[in-house]
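S.K.: can you look at this prediction? I've put the sequence above it.
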Amino acid sequence: MKNILIIGANSAIATACARQWATEPARFFLVARNTEKLEQVAADLRARGTSLVQTHALDLNDLPSHESMLAEAFSTLGRVDVCLIAHGTLPDQAACQQDVDVALREFSSNGLSVIALLTRLANRMEEQRTGTLAVISSVAGDRGRPSNYLYGTAKAAVSTFCEGLRARLFKVGVHVLTIKPGFVDTPMTQGLTLPKLLLATPDQVARDINRAIEKHRDSIYTPWFWSLIMLLIRNIPTGLFKKTNI
Ligand SMILES: NC(=O)c1ccc[n+]([C@@H]2O[C@H](COP(=O)([O-])OP(=O)(O)OC[C@H]3O[C@@H](n4cnc5c(N)ncnc54)[C@H](OP(=O)(O)O)[C@@H]3O)[C@@H](O)[C@H]2O)c1
């Protein structure tokens, strides 16, 4: 029986992961903000025969409330085998440039809230001496691009935090996985014009996440070809890069 904590459980990528986990015996503690959607996600997992699905409504920008949520999650599940952190927003970069409050709120949604969660989770997982922390970052964190550098900055912070945390928790048997998706067809990207050839489904990404957890991978690009795309993007000389609008 796998005990799974999903933070940002309403995310399309997270629900695809949960459905794959539900094919084996599993117990879930789901955390999300939109309660109506959360109950639908929970009902779907129960209908698949899952023995325990508990929900907890929380706006993850409410950082002081993380502790009581985690206390409830750990007391419900006992041991946490996998914790997936999946919440996030795709900020309007132009709005972030005009309004510092918008910029900081978006930085909190995508960066600070994840770091706050991981700081508390790390200590609990360190005590357990087992389990996986799987964290959804993004290819956007690999380089600050003019079209979305607020989001990219937050994701870069998450990726770097995970790298340090991985080296700390490795010594006590806890696995930290950094997940860097490219373009995924989810509510987050609805309305954007994205190249069809590069657009993955949440199911595809969930399969990659599952495999990476099983194989104890440190970090993945999903789909895999984003490792090549980002290798190219990271290596564009600054003189040329600053002339682009990507
Ligand atoms: N889609 C892509 O192309 C793509 C690419 C790279 C990385 N990612 C990352 O993948 C992760 C999952 O995103 P997705 O593509 O699955 O998009 P999604 O379906 O839109 O899910 C994002 C979820 O984040 C939750 N959320 C946002 N702010 C929150 C807050 N303050 N408190 C609680 N929940 C909050 C929303 O929850 P509610 O529904 O409860 O409001 C929403 O369900 C995110 O970290 C995203 O940055 C996505």
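M.R.: Good, I have the coordinates. Numbering: from 1, shown residues only.
S.K.: tell me where the protein has helices.
M.R.: Under the criterion DSSP state H, helices of the chain are mapped to 12-21, 35-47, 66-77, 93-98, 100-107, 113-128, 149-169, 202-214, 226-234, 238-241.
S.K.: can you report how many residues lie near the residue of the chain found nearest the ligand?
M.R.: Relative to the ligand, the nearest point of the chain is residue 88 (2.7 Å; C-beta to the nearest ligand atom). Backbone N, C-alpha and C define where each C-beta goes, glycine included. Burial measure for residue 88: 24 neighbouring residues, criterion other C-beta atoms under 10 Å.
S.K.: could you report the pLDDT at it?
M.R.: On pLDDT, residue 88 comes in at 98.
S.K.: quick one: contacts for it?
M.R.: 8, 11, 109, 110, 136, 138, 188 (C-beta atoms under 8 Å, 6 or more residues apart in numbering).
S.K.: please name the nearest non-neighbouring residue to the fourth one.
M.R.: Put plainly, it is residue 110. residue 154 (3.6 Å; C-beta to C-beta, 6 or more residues apart in numbering).
S.K.: rewinding a little: now restrict the contacts of residue 88 to buried residues only.
M.R.: With burial judged by 16 or more other C-beta atoms under 10 Å, the buried subset of the contacts of residue 88 is 8, 11, 109, 110, 136, 138.
S.K.: up against the ligand, what does the chain have?
M.R.: Residues of the chain lying close to the ligand (C-beta under 6 Å from any ligand atom) are 8, 10-13, 32-34, 37, 59-61, 86-89, 109, 136, 138, 181, 183-184, 186-189.
S.K.: make a ChimeraX selection of the buried ones in the residues you listed.
M.R.: Restricted to buried positions by 16+ other C-beta under 10 Å, the ChimeraX selection for those reads:
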select :8,10,11,12,13,32,33,60,86,87,88,109,136,138,181,183,184,186
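S.K.: residues in contact with residue 28?
M.R.: Shown in contact with residue 28 (C-beta under 8 Å, 6+ apart): 4-6, 9, 18, 21-22, 42, 45, 50, 52-54.
S.K.: rewinding a little: taking the contacts of residue 88 one by one, which sit in strands?
M.R.: residue 136 (DSSP state E).
S.K.: adding distance to residue 226 and pLDDT, write the contacts of residue 88 out as CSV.
M.R.: CSV is the format used below for the contacts of residue 88 (distance: C-beta to C-beta, whole Å; pLDDT from 0 to 100):
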residue, distance to residue 226, pLDDT
8, 21, 98
11, 18, 98
109, 22, 98
110, 18, 98
136, 13, 99
138, 10, 98
188, 16, 97
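S.K.: what does the average pLDDT come to for stretch 211-228?
M.R.: Per-residue scores along stretch 211-228 average to 98.
S.K.: tell me the buried residues in that stretch?
M.R.: Those would be 212, 213, 217, 219, 220, 221, 222, 223, 226, 227, for stretch 211-228 by 16+ other C-beta under 10 Å.
S.K.: how about stretch 232-246?
M.R.: 233, 241.
S.K.: list of residues touching that stretch?
M.R.: 142, 143, 145, 146, 147.
S.K.: closest one of the residues you listed to residue 194?
M.R.: Nearest to residue 194 among the contacts of stretch 232-246, counting by C-beta to C-beta, is residue 147 at 12.5 Å.
S.K.: contacting residues around that closest one?
M.R.: Per C-beta under 8 Å, 6+ apart, neighbours of residue 147: 93, 245, 246.
S.K.: neighbours of the first one, how many?
M.R.: The number of residues packed around residue 93, counting by other C-beta under 10 Å, is 17.
S.K.: distance of the closest residue to it other than its chain neighbours from residue 92?
M.R.: Spatial nearest neighbour of residue 93, excluding adjacent residues (C-beta to C-beta, 6+ apart): residue 148 at 5.1 Å. Going from residue 148 to residue 92 by C-beta to C-beta, to the nearest Å gives 9 Å.
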